[in-house]
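In: Here you go, sequence then predicted model.
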Amino acid sequence: MASDMERKLLYAFRGWIAFVAFMDLGTTVRCFIENRSFIGELPTSISKHDHNDPLLSRILGIYSVLKAITLIHCTLFIHYKPVVSMGMCVLLITLLMCGSEVLYFHSTALTFYIIFPCVLNGLTLLGLLMLPRRLLDSPPVTEDENVELLKQATAFKRRRPKKNN
């Protein structure tokens, strides 16, 4: 059974994963609002790709929404190893995609729009890799906190002696 400190750390980490998913949803919105790719611009003499083509931006938007959905599931079902593994895979794919676009394909420059998501995804991937295995093996909390509070309140009412008039 996980200690109280480990449980608090797990809740904080789940919040972090939700934050990364929210950032991906922001990327999705931005990809569909802007007509050109916002990932980066290279001089036309170096660039092999047309950065004004909205197709590239829409494809990144669809990938970002799929990644956000995956990370939201990882946040909600973090006690299940296959879901954590799926979250790690999507983060690794994102890091490989950004790295290959900068270093191999040279389709974008190493800018804030590449560095910031890589740092977020890298930290999240490290966190998922370092997640204590016993937290993954523990049974998930299935009851809602409000249900637990209601149970405690009704138990308290039953224990209280009745007043005699």
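Out: Looks like it came in fine.

In: Return the backbone torsion pair for M5.
Out: Dihedral angles of M5 (phi, psi; degrees, to the nearest 10) stand at phi -70, psi -40.

In: Does the helix or strand that contains G26 pack against any helices or strands, and if so which?
Out: Per DSSP states H and E, G26 falls inside helix 4-33. Counting contacts by 3 or more CB pairs under 8 Å, 6 or more residues apart in numbering; DSSP states H and E, helix 4-33 packs against helix 54-76, helix 112-130. Glycine gets a C-beta too; all of them are placed from N, C-alpha and C.

In: Can I get the ones you listed in CSV including distance to K8?
Out: Output for the helices and strands packed on helix 4-33, formatted as CSV (distance: least, CB to CB, whole Å):
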stretch, distance to K8
helix 54-76, 16
helix 112-130, 14
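
In: quick one: low-confidence parts of this structure?
Out: In the predicted model of the chain, residues 1-2, 35-53, 134-146, 148-149, 156-165 satisfy pLDDT under 70.

In: Provide the secondary structure category for S107.
Out: Of the three states, S107 takes coil under DSSP: H, G, I helix; E, B strand; the rest coil.

In: OK, contacts around C31?
Out: Listed by CB atoms under 8 Å, 6 or more residues apart in numbering, the contact partners of C31 are 38, 57-58, 60-61, 64.
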